[in-house]
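**Student:** what's the 3D shape of this:
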Amino acid sequence: MSEPRRLEVLRAIVEDYVHSREPVGSKALVERHSLGVSAATVRNDMAALEDEGLIVAPHTSSGRIPTEQGYRRFVDRIEDVRPLSPAERRAIQALVAGADDIDEVLDRTVRLLAQLTHQVAVLQVPGYSDATVRHIELVGLGHGRVLVVLIGSSGKVEQRVVGVAPDPTEEDLAVVKGVIMTQASGLSLDGLGVLPAAVEPLLPEPLRPAGAVIATTLAALGDSTVVDRILMAGTANLARATGDFPLTITPVLEVLEEQVVLLRLFSEMELDARGIAVRIGRENRYGGLEETSVIATGYGPGESAKMGVLGPTRMDYGSSMAAVRAVARYLSRILAG
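**Tutor:** Predicted structure coming up:
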C-alpha cells in the first residue's frame with residue numbers, strides 16, 4: 001500500500017472537512033480530488049488511516065473526519081508555507097502603513113490578522129525593560145486635571161489624566177516639567193520610582209503637591225511599560241465556530257481573559273524550521289484549550305516576541321500559517337524601519 005497516496009488521501013480528507021464540516025466519504029474524495037485511483041482503493045487507504053488513528057468515523061456508516069493525530073500529520077507535511085496573494089499583501093500594507101505610533105501599529109496588526117484568518121488573533125507586546133525616557137509632556141486640562149504623557153526611547157507612549165490641587169497654570173506645569181525632565185534624564189522607564197522623592201525638594205513649596213502626584217503617576221506609567229501584555233482581536237470569530245466545540249466555548253473565552261496563560265503558552269512554543277509553531281488540541285496543556293489549535297511565529301528584533309492565531313482544531317492550517325508568518329514579517333520590517 002502506497003504511503004504517499006495514503007497521505008494524499010489524508011490531505012484531501014482534512015481539506016474537505018475543514019471546508020464543509022461534514023464527514024468525508026470515499027466517493028466524494030474520488031469526485032473532488034485527482035487521486036488517480038478507484039473509490040475501492042481509497043476506501044482501503046481510509047481503513048489504513050483509521051487503523052493508524054489519523055481519521056475516525058464520528059458515527060456508524062458515516063464518512064470520516066481527521067483526529068488530532070491526523071491534523072498533526074497533515075501540518076507536519078506542509079513543507080512550504082504558501083505566500084499571501086497580492087490582494088492580501090496590499091491589505092496588510094494599507095491597514096498598517098498609516099499608523100501613527102507603535103501602539104496603533106500593533107493594534108492594527110492584530111485586527112488585520114483576525115480578519116485574514118477568521119480566527120482569534122493574539123499578539124505578545126514585550127515590555128521595554130531597556131527603554132529610557134525620551135520625553136515627558138504635561139498638558140493642563142482645567143479644573144485641576146492634568147494629562148501626563150510619557151514617551152520612551154522605544155517609541156512607546158503612555159498617558160494618564162490625574163487630578164491635582166490647586167489647578168496649575170501653564171507656567172506651573174512648565175516648572176514642574178523642567179524639574180522632572182532634569183531628574184528623569186537617562187533613567188530607564190522602570191527606574192522612575194525615584195522621581196517623587198527626587199523632585200519634591202526641588203520644586204517651589206506651592207507646586208510640591210502637584211509635583212508629587214505627577215511624579216508618582218510617571219513612575220506608575222514607566223512600570224506598566226516593562227510588563228509583557230497581550231493584544232487580542234477576533235474573539236467574535238469563536239462564536240461563529242460554536243459547532244466545533246462539543247459543549248461550550250466558555251472555557252476558551254475564560255483562558256483568553258487570562259493573559260498570563262497566553263504569555264506562558266507563547267513562551268513554551270518553539271518555532272520549527274519553517275519559522276512556525278503549531279499546537280493542536282490536547283497538545284495545549286492548559287485547561288480550556290484542549291479543543292483548540294494555536295499557530296504562532298516570532299516577530300520584532302530577534303523574533304523574541306510572538307504573535308499568532310487561536311481557533312478550533314478544524315482550521316485551515318495552510319492559510320492560517322501563511323497569514324501568521326507574512327503579517328509577522330511585515331510587522332518586523334515596520335518596527336525595524
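**Student:** correct me, but Leu113 touches Ala233?
**Tutor:** Yes. Taking contacts as Cβ atoms under 8 Å, Leu113 lies within contact range of Ala233: 7.3 Å. No exception for glycine: its C-beta is placed from N, CA and C like everyone else's.
**Student:** More neighbours: which of those two?
**Tutor:** Leu113 (27 against 21; other Cβ atoms under 10 Å).
**Student:** Who are the packing partners of whichever helix or strand the more buried one is part of?
**Tutor:** In the assignment (DSSP states H and E), Leu113 maps to helix 102-117. Contacts defined by 3 or more Cβ pairs under 8 Å, 6 or more residues apart in numbering; DSSP states H and E place helix 102-117 against helix 86-97, strand 120-125, strand 229-233, strand 305-312, helix 317-336.
**Student:** Turn the ones you listed into CSV, including distance to Val75 and mean pLDDT.
**Tutor:** Formatted as CSV, the helices and strands packed on helix 102-117 follow (distance: least, Cβ to Cβ, whole Å; pLDDT from 0 to 100):
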stretch, distance to Val75, mean pLDDT
helix 86-97, 21, 76
strand 120-125, 18, 95
strand 229-233, 23, 93
strand 305-312, 13, 95
helix 317-336, 5, 90
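**Student:** Quick check: which of these is nearest to Arg32?
**Tutor:** helix 317-336 (16.8 Å; Cβ to Cβ).
**Student:** buried set for that closest one?
**Tutor:** 317-328, 330-332, 334-335 (16 or more other Cβ atoms under 10 Å).
**Student:** For the closest residue to Val309 other than its chain neighbours, give me its contacts.
**Tutor:** Nearest residue to Val309 in three dimensions, chain neighbours excluded: Gln119, at 4.0 Å (Cβ to Cβ, 6 or more residues apart in numbering). By Cβ atoms under 8 Å, 6 or more residues apart in numbering, the residues touching Gln119 are 234, 237, 309-311, 315, 320.
**Student:** CSV for those, including distance to Phe74?
**Tutor:** Listed next are the contacts of Gln119 as CSV, based on distance: Cβ to Cβ, whole Å:
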residue, distance to Phe74
Gly234, 23
Asn237, 22
Val309, 17
Leu310, 18
Gly311, 15
Met315, 11
Ser320, 13
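**Student:** Tell me which two of those residues sit farthest apart.
**Tutor:** For the contacts of Gln119, the farthest-apart pair by Cβ to Cβ is Gly234 and Met315; their separation is 13.0 Å.
**Student:** Counting neighbours, go ahead and name the busier of those two.
**Tutor:** Comparing Gly234 with Met315 by other Cβ under 10 Å, the one with more neighbours is Met315, at 27 against 21.
**Student:** Return the distance of the more buried one relative to Val139.
**Tutor:** 46 Å (Cβ to Cβ, to the nearest Å).
**Student:** Equivalent analysis for Asp103, please.
**Tutor:** In this view, Asp103 and Val139 are 18 Å apart by Cβ to Cβ.
**Student:** From the contact counts, what lies against the strand or helix carrying Val30?
**Tutor:** Secondary structure assigned from DSSP H and E places Val30 in helix 26-32. Here helix 26-32 touches helix 3-20, helix 39-51, going by 3+ Cβ pairs under 8 Å, 6+ apart.
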